[in-house]
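Peer 1: Predicted structure and sequence below. I'll ask about it afterward.
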Amino acid sequence: MNHVVVVGAGLAGVRSVEALRARGFGGTITLIGEEKHRPYDRPPLSKSVLLGETDSTVVDSDLDALEVDFRAGVAAKGLREGVVETTEGELAYDGLVIATGARPIRLRGDGPQHVLRTIDDALELRALLVPGTKVAIIGAGWIGAEVATAARRADCEVTVVEAAGVPLSAALGPVGAHTVSWYARAGVDLRLGTAVASVDQGGLTLADGSAVEAGVVVTGVGVRPSVEWLAGSGLELENGVVTDEHLRTSLPGVVAVGDCAAWWSRRYGRRMRVEHWDTALGAPDVAVAALLGDDAVYDPVPYFWSEQFGHMVQYAGHHDGERLILRGDPAADAKWAVCWVADDHRLTAVLAVNRPRDLVQGRRLIERGQRLDVERLADPAVALRDCTAA
Ligand SMILES: Cc1cc2nc3c(=O)[nH]c(=O)nc-3n(C[C@H](O)[C@H](O)[C@H](O)COP(=O)(O)OP(=O)(O)OC[C@H]3O[C@@H](n4cnc5c(N)ncnc54)[C@H](O)[C@@H]3O)c2cc1C
C-alpha cells in the first residue's frame with residue numbers, strides 16, 4: 001500500500017493519520033477536508049467557545065511532522081473503486097479512510113436558522129448572544145441544553161421548544177425528566193411536548209398555530225451522517241457507512257470511522273452509530289489496523305459527556321428498557337446517578353451527574369460484564385465498584 005487517502009479532517013480523520021504513522025505506514029497520506037480549517041475539536045464549541053472562554057479548539061497534532069498532504073477546503077464528491085472524486089480533481093488511493101462525520105438537520109421555513117456544528121457556526125452564534133436577545137432553541141437534547149446554558153449566561157431571554165415530553169429523551173428516555181428543574185432554575189422557558197411547524201421571520205410557528213417570538217433561532221434536533229457523496233459508489237450505506245467489527249466497509253481497502261460509521265458491535269450484537277468524541281478518538285486505530293492487514297476489533301463501551309446548567313453529565317454504555325436504579329435524589333441533591341441493570345443483574349449503562357467516580361467505575365463494571373448487588377447499588381454512599389454481587 002503506497003497511498004492512503006483520508007476524507008474528512010475532523011477528529012476521526014486526524015487520528016487516522018496519526019494511527020497510520022504510529023503503525024509504521026511510510027507511504028503517502030493525503031487528508032482532505034471541506035472546511036477551511038485545521039482539524040479541531042467540536043465539544044468545546046457549545047461550551048467554552050460559546051461562553052467566550054476560547055476562540056480556538058484546534059487539535060494538538062503536528063501535521064508537518066506526520067508528513068501528511070493536508071488539503072483544507074477540498075470536498076469529496078464521489079467514489080469509484082480506487083479513486084476519490086473531489087472538488088479539486090481525482091485522487092487515486094490504495095487505502096481509503098472515510099471520516100466525513102455528520103451534518104445538522106434543519107427544519108422547514110424561510111426564517112434565519114442557526115445550527116451548531118462548526119467553529120464558524122459557534123463564533124457567529126456567540127456574537128448574537130447579547131443581553132436581552134430573545135433566543136428560541138429547538139430541541140432539548142445535548143446541544144440544545146448547552147446552547148441554552150450559554151445563552152442564559154449571556155443574559156438572553158431563552159425559550160427551549162421540545163417535541164418530546166422530557167429533555168434528552170432520545171438518549172435517556174424518562175430519566176431526562178430529572179433535568180427539567182435545571183431549566184427553570186436557569187430562567188429558561190422550557191416548553192415540552194411542543195412541536196415546531198416552521199422557522200419563520202421573527203421566530204417559530206408551532207404545530208398548534210401559535211408563535212414564539214425570537215431574534216435568534218437555533219435548531220438542535222440531531223444530525224445525519226455525511227455520506228451523500230458516497231451515493232452510487234457501491235458502498236453499503238444504512239444510517240451511515242456500514243462496517244464490520246474491524247471497521248472495514250463493503251469495498252476492499254476502505255474503512256470508516258467516527259460519526260459517519262455504523263459498525264457491528266460484538267458486545268451489543270447489533271450495529272451501532274455513535275456520535276461521540278470518544279468514538280472519533282478511539283476508532284481510527286482499529287480501522288487503520290484493518291487497512292494495514294491486522295484484525296483488531298472495535299468494541300468499546302460508548303462514552304459521552306455534556307456540561308449543562310452547571311452540571312457535569314456523563315453517560316457510558318447502551319440501554320434498552322432495562323431496570324432503572326437511582327443513586328441519590330435528583331430533586332434534593334446536585335450529585336446523583338442512574339444505573340440501567342439487566343435481568344441478570346449486569347450493569348448495561350450508567351448516567352452520572354456530578355459523580356465522576358460513578359462514571360469511571362460504572363464504565364469498568366460494564367466492560368467486565370460483572371453481576372451487581374442491586375440493593376447496594378441503590379445506596380449512593382456505597383462506591384459502585386463495591387456493588388459487585390458475591
Ligand atoms: C457543538 C458540539 C458539541 C459536542 N459536544 C460533545 C460532547 O460534549 N461530548 C461528546 O462526546 N461529543 C460531543 N460532540 C460530538 C463530537 O464532537 C463528534 O462525535 C465528533 O466531532 C465526531 O468526529 P468525526 O471526525 O467523526 O466527525 P466531524 O467532527 O463531523 O468531522 C468530519 C469532517 O469531515 C468534513 N466533511 C464532511 N463531508 C466531507 C466531504 N464530502 N469531503 C471532505 N470533507 C468532508 C466535515 O466538514 C468535517 O470537518 C459534540 C459535537 C458538536 C457539534
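Peer 2: Cool, the structure landed.
Peer 1: need the residues of the stretch 1-150 of the chain near the ligand, please.
Peer 2: Contact residues, the stretch 1-150 of the chain versus the ligand (C-beta under 6 Å from any ligand atom): 7-13, 32-35, 42-43, 45-46, 75-76, 99-102, 116-117, 143. For the C-beta atoms, the positions are set from N, CA and C on the backbone; glycine is no exception.
Peer 1: Using ChimeraX, define a selection of the buried residues within those residues.
Peer 2: The ChimeraX selection below is limited to those of these classed as buried (16 or more other C-beta atoms under 10 Å):
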select :7,8,9,10,11,12,13,32,33,34,35,42,43,45,46,75,76,99,100,101,102,116,117,143
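Peer 1: Any figure for the gap between the closest residue to the ligand within the stretch 101-250 of the chain and residue 294?
Peer 2: Closest contact between the stretch 101-250 of the chain and the ligand, by C-beta to the nearest ligand atom, is at residue 101 (2.1 Å). Distance of residue 101 to residue 294, given as C-beta to C-beta, to the nearest Å: 25 Å.
Peer 1: cool, and residue 175?
Peer 2: Note on residue 175: its distance to residue 294, by C-beta to C-beta, is 39 Å.
Peer 1: The nearest residue to residue 49 once chain neighbours are set aside is in what secondary structure piece?
Peer 2: Using C-beta to C-beta, 6 or more residues apart in numbering and skipping the chain neighbours, the partner closest in space to residue 49 is residue 122 (4.5 Å). Assigned by DSSP states H and E, residue 122 belongs to helix 119-128.
Peer 1: Next, residue 179: secondary structure please.
Peer 2: The three-state assignment at residue 179 reads helix, by DSSP: H, G, I helix; E, B strand; the rest coil.
Peer 1: Let me know the pLDDT of it.
Peer 2: What the model reports as pLDDT for residue 179 is 98.
Peer 1: Apart from its chain neighbours, what residue comes closest to residue 78?
Peer 2: Per C-beta to C-beta, 6+ apart, closest to residue 78 is residue 85, 4.0 Å.
Peer 1: er, residue 379 I mean
Peer 2: Closest residue to residue 379 apart from its sequence neighbours, by C-beta to C-beta, 6+ apart: residue 327 at 7.5 Å.
Peer 1: swap in residue 202?
Peer 2: residue 213 (6.2 Å).
Peer 1: What of residue 150?
Peer 2: residue 50 (3.8 Å).
Peer 1: That neighbour: which element?
Peer 2: Remark: residue 50 resides in no helix or strand, with elements defined by DSSP H and E.
Peer 1: Wait, it touches residue 124, no?
Peer 2: No. Taking contacts as C-beta atoms under 8 Å, residue 50 lies outside contact range of residue 124: 10.8 Å.
Peer 1: Now go through the residues of the stretch 1-150 of the chain next to the ligand and say which are in helices.
Peer 2: 11, 12, 13, 143 (DSSP state H).
Peer 1: that older thread, now the residue nearest to residue 78: phi and psi?
Peer 2: With angles defined as degrees, to the nearest 10, residue 85 sits at phi -90, psi 130.
Peer 1: what number of residues lie near it?
Peer 2: 16 (other C-beta atoms under 10 Å).
Peer 1: can you check residue 295 too?
Peer 2: Neighbour tally, residue 295, other C-beta under 10 Å: 10.
Peer 1: Does it touch residue 244 like I think?
Peer 2: No. Look at residue 295 against residue 244 with C-beta under 8 Å: they stay out of range, at 10.2 Å.
Peer 1: Determine how far whichever helix in the chain runs longest lies from the middle of the whole chain.
Peer 2: The residue-count maximum for a helix in the chain (DSSP H) belongs to helix 277-291. Relative to its parent chain, helix 277-291 has a centroid offset of 15 Å by C-alpha atoms, centre = their mean, to the nearest Å.
Peer 1: Give me the contact status of it with the ligand.
Peer 2: Yes. Helix 277-291 comes into contact with the ligand (C-beta under 6 Å from any ligand atom), by way of 277, 278, 280.
Peer 1: Most neighbours among those residues, which one?
Peer 2: Neighbour count (other C-beta under 10 Å) singles out residue 280 as the most crowded of the residues of helix 277-291 next to the ligand, with 27 neighbours.
Peer 1: So for that residue, what's the pLDDT?
Peer 2: Note on residue 280: pLDDT of 98.
Peer 1: what do you get for residue 254?
Peer 2: Taking residue 254 on its own, its pLDDT is 98.
Peer 1: Could you do residue 320 as well?
Peer 2: The model reports residue 320 with a pLDDT of 88.
Peer 1: Might you report the residue contacts of it?
Peer 2: Going by C-beta atoms under 8 Å, 6 or more residues apart in numbering, residue 320 touches residue 348.
Peer 1: how near is it to the ligand?
Peer 2: Distance of residue 320 to the ligand, given as C-beta to the nearest ligand atom, to the nearest Å: 20 Å.
Peer 1: May I have the phi/psi pair for that residue?
Peer 2: Here residue 320 shows phi and psi, under degrees, to the nearest 10, equal to phi -160, psi 70.
Peer 1: Report the separation between it and residue 358.
Peer 2: From residue 320 across to residue 358, the span is 20 Å (C-beta to C-beta).
Peer 1: what's across from the residue nearest to residue 202 in the sheet?
Peer 2: Note on residue 213: beta-bridge partners residue 203, judged by DSSP bridges.
Peer 1: Next up, the contacts around it.
Peer 2: Applying C-beta under 8 Å, 6+ apart, we find residue 213 in contact with 134, 202, 203.
Peer 1: Surely the residue nearest to residue 78 and residue 79 touch.
Peer 2: Yes. The criterion here is C-beta under 8 Å, and residue 85 meets it with residue 79 at 7.1 Å.
Peer 1: all strands for the stretch 1-150 of the chain, in order.
Peer 2: Assigned strands in the stretch 1-150 of the chain, in chain order: 3-7, 28-33, 68-72, 76-80, 83-86, 89-92, 95-98, 102-104, 134-138 (criterion: DSSP state E, counting those that start in this stretch).
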